[in-house]
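**Student:** Got a sequence here, can you build the structure:
(one chain, ligands or ions: 2)
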Amino acid sequence: MKIYRANIIFTPTPEHFQIMEHGFVVVSDNGLVENVYSELPSQYSKEPIIDFGDKLLIPAMNDLHVHAPQYRNQGIAMDLELLPWLNTYTFPEESKYKDTRYAEKMYRRFVRDLWRVGTMRTSAFATIHREASCLLADLFREAGMGAYIGLVGMDRNGPDTLANTVDEMVRDQKALIEHLQGQDLVRPILTPRFVPSCTPAMMTAYSQLAKEYNLPVQSHLSENRSEIAWVKELEPESTCYGDAYLRYGLFGQTPTLMAHCCYTEGEELRLMKEHQVFVVHCPTSNCNLASGMAPIRTFLNEGVPVALGSDISGGHHLSIFQVMQYTLQISKLKYAQSEGKMPFLTLSEAFYLATKSGGSFFGKVGSFEPGYEFDALVIDDSDLNMDNYDLAHRLERYTYLGDDRQIVKRFCRGQEIPEPRI
Ligand code: GUN
Ligand code: FE
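**Tutor:** Ligands and ions are numbered 1, 2, ... in the order given. Predicted coordinates for the structure are as follows:
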């Protein structure tokens, strides 16, 4: 057992922070939170205490949508909308991951940088390539950081250099499943890129895999107007874009993540609620690709689960703290646009999305309630905290102005995670 003492902040519910000034968290040997306390109960009085002094102790970040093989394009090439952006910049870069040596060089940096920004659980898109996808999984395992790894299926409307057949996808998907057996920190996730990239035969193969192996699904949904219009042409029978996944059993039949949802409403909103499909909100990407502003307040009001994603390289920043900032700011623009009818998000709500809500896709992750896996960050914000602010304000300032320099320790499943080698 380990007992840590620090300024503890977490969000059991979106509405409020639970805050314990110089509180205690007791973590069992299997990495689970036993409980948090303001005063340590006498049963623990003989145990050693690891005291983090005046530092903050918060749940670690969860990134539920990121493209690992777009890392080289981070922060560049954001001068086009989604569809031409994919063809011009993204598909050519992903094609390079056939070369496993190139993949290793880039993926090592990617995993190291997730560590830097305090993201301990990630749901990542890889590419169509089996070797590079297994390698990405190995790097997360080596690091001790949790992940879902998505070997991507795409058999239409892309370049020949970045296409797999249905048979190749199924073969490689099974190889990845096999590769990840015997542990559950790093797991496979079915990843049809998006409807325009996948023929009905590809979607059918995915639905069979989902059933046979009971695997979760991740994809893209209603990101941009041209994309939505294209899906209508490609899948004229579907009642909405989401229905094009639903008819293949890829919309909540197993746990499902759908990135973006900028234009989700009506029937699609109803289906997401009914099937408890996650919206993964990627506001940095939605700004950079001029996609739109997702109605997050509506999703929360309707009881649709919401998580946050960096969506590198549509998004430019890997830090989920940065994504929280954009989440708050975009919700304020939505508020202004709706003339105050759609209340903007609060800091505790954005923090809840980044921690407990996103974490729930991995199990009991993202909170310090009893039974949760201890995924945590220790933050030394002394250089940002000139004025003895209260703890909620210190977390707010860190969210807006902090970076990896202030993160002094990272834990995943109770283990302290050292910096991964690159
Ligand atoms: N839709 C299909 N592929 C992609 C991608 O790589 N990034 C984003 N933002 N949207 C997509
Ligand atoms: Fe994406």
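
**Student:** Backbone dihedrals for the residue of the stretch 51-200 of the chain found nearest ligand 1, please?
**Tutor:** Nearest residue of the stretch 51-200 of the chain to ligand 1 (CB to the nearest ligand atom) works out as residue 194 at 4.2 Å. (C-beta placed from N, C-alpha, C; glycine too.) When read as degrees, to the nearest 10, the backbone of residue 194 gives phi -170, psi 170.

**Student:** With residue 260 instead?
**Tutor:** The phi/psi pair for residue 260 (degrees, to the nearest 10) is phi 90, psi -80.

**Student:** Identify the residues contacting residue 262.
**Tutor:** Counting by CB atoms under 8 Å, 6 or more residues apart in numbering, residue 262 touches 222-224, 286, 291-294.

**Student:** again, only this time at 6 Å
**Tutor:** 223, 286, 291-292, 294 (CB atoms under 6 Å, 6 or more residues apart in numbering).

**Student:** Residue of the chain closest to ligand 1, please.
**Tutor:** For the chain, CB to the nearest ligand atom, closest residue to ligand 1: residue 314, 3.5 Å.

**Student:** Could you double-check that that residue lies in contact with residue 289?
**Tutor:** Yes - using CB atoms under 6 Å, residue 314 makes contact with residue 289 at a distance of 5.1 Å.

**Student:** Tell me the residues of the stretch 251-400 of the chain that contact ligand 2?
**Tutor:** 259, 311 (CB under 5 Å from the ion).

**Student:** for the stretch 251-400 of the chain, what are the low-confidence residue spans?
**Tutor:** The stretch 251-400 of the chain contains no residues with pLDDT under 70.

**Student:** can you pull out the strands in it?
**Tutor:** Ranges of strands in the stretch 251-400 of the chain, per DSSP state E, counting those that start in this stretch, are 256-260, 278-281, 306-308, 376-379.

**Student:** got the ones you listed as a markdown table, with mean neighbour count and distance to residue 24 columns?
**Tutor:** As requested, these are exported to a markdown table (neighbours: other CB atoms under 10 Å; distance: least, CB to CB, whole Å):
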| stretch | mean neighbour count | distance to residue 24 |
| --- | --- | --- |
| strand 256-260 | 28 | 34 |
| strand 278-281 | 30 | 33 |
| strand 306-308 | 27 | 29 |
| strand 376-379 | 24 | 13 |
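
**Student:** could those go into JSON lines alongside distance to residue 93?
**Tutor:** Listed next are those as JSON lines, based on distance: least, CB to CB, whole Å:
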{"stretch": "strand 256-260", "distance to residue 93": "18"}
{"stretch": "strand 278-281", "distance to residue 93": "21"}
{"stretch": "strand 306-308", "distance to residue 93": "24"}
{"stretch": "strand 376-379", "distance to residue 93": "30"}
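
**Student:** Any idea which of these gets closest to residue 60?
**Tutor:** Of all the strands of the stretch 251-400 of the chain, it is strand 376-379 that lies closest to residue 60, at 5.2 Å by CB to CB.

**Student:** CA atoms of the closest one as CSV?
**Tutor:** Extracted as CSV, the C-alpha positions of strand 376-379 are listed here (Å, rounded to 0.1, in the frame of the first residue of the first chain):
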residue,chain,number,x,y,z
ALA,A,376,-2.5,10.6,-11.4
LEU,A,377,-0.4,13.7,-12.0
VAL,A,378,1.6,15.6,-9.4
ILE,A,379,1.8,19.3,-10.4
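
**Student:** for ligand 1, what are the nearby residues on this structure?
**Tutor:** Contact residues, the chain versus ligand 1 (CB under 6 Å from any ligand atom): 67, 82, 86, 90, 193-194, 220, 223, 285, 311, 314.

**Student:** Can I get the buried part of the residues you listed as one ChimeraX selection?
**Tutor:** Here is the ChimeraX command that picks out the buried ones among these, judged by 16 or more other CB atoms under 10 Å:
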select :67,82,86,90,193,194,220,223,285,311,314
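
**Student:** what does the stretch 51-200 of the chain have sitting close to ligand 2?
**Tutor:** Checking the stretch 51-200 of the chain against ligand 2 by CB under 5 Å from the ion, there are no hits.

**Student:** mind running it again at 8 Å?
**Tutor:** Counting by CB under 8 Å from the ion, the stretch 51-200 of the chain comes close to ligand 2 at 65-67, 125.

**Student:** any chance of the residues you listed in TSV, with secondary structure too?
**Tutor:** Output for those, formatted as TSV (DSSP: H, G, I helix; E, B strand; the rest coil):
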residue	secondary structure
65	strand
66	strand
67	strand
125	strand
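
**Student:** Let me know the closest of those to residue 177.
**Tutor:** For these, the nearest to residue 177 is residue 125 (16.7 Å; CB to CB).

**Student:** how about the helices in the stretch 1-150 of the chain?
**Tutor:** For the stretch 1-150 of the chain, the helices defined by DSSP state H, counting those that start in this stretch cover 82-85, 91-95, 100-116, 130-143.

**Student:** which one of those helices is the most hemmed in?
**Tutor:** helix 130-143 (a mean of 22; mean count of other CB atoms under 10 Å).

**Student:** State the distance from the spatially most central residue of the chain to residue 345.
**Tutor:** Centroid-nearest residue in the chain: residue 64, 1.5 Å away (criterion: CA atoms, centre = their mean). Plainly put, residue 64 is 17 Å away from residue 345 if you go by CB to CB, to the nearest Å.
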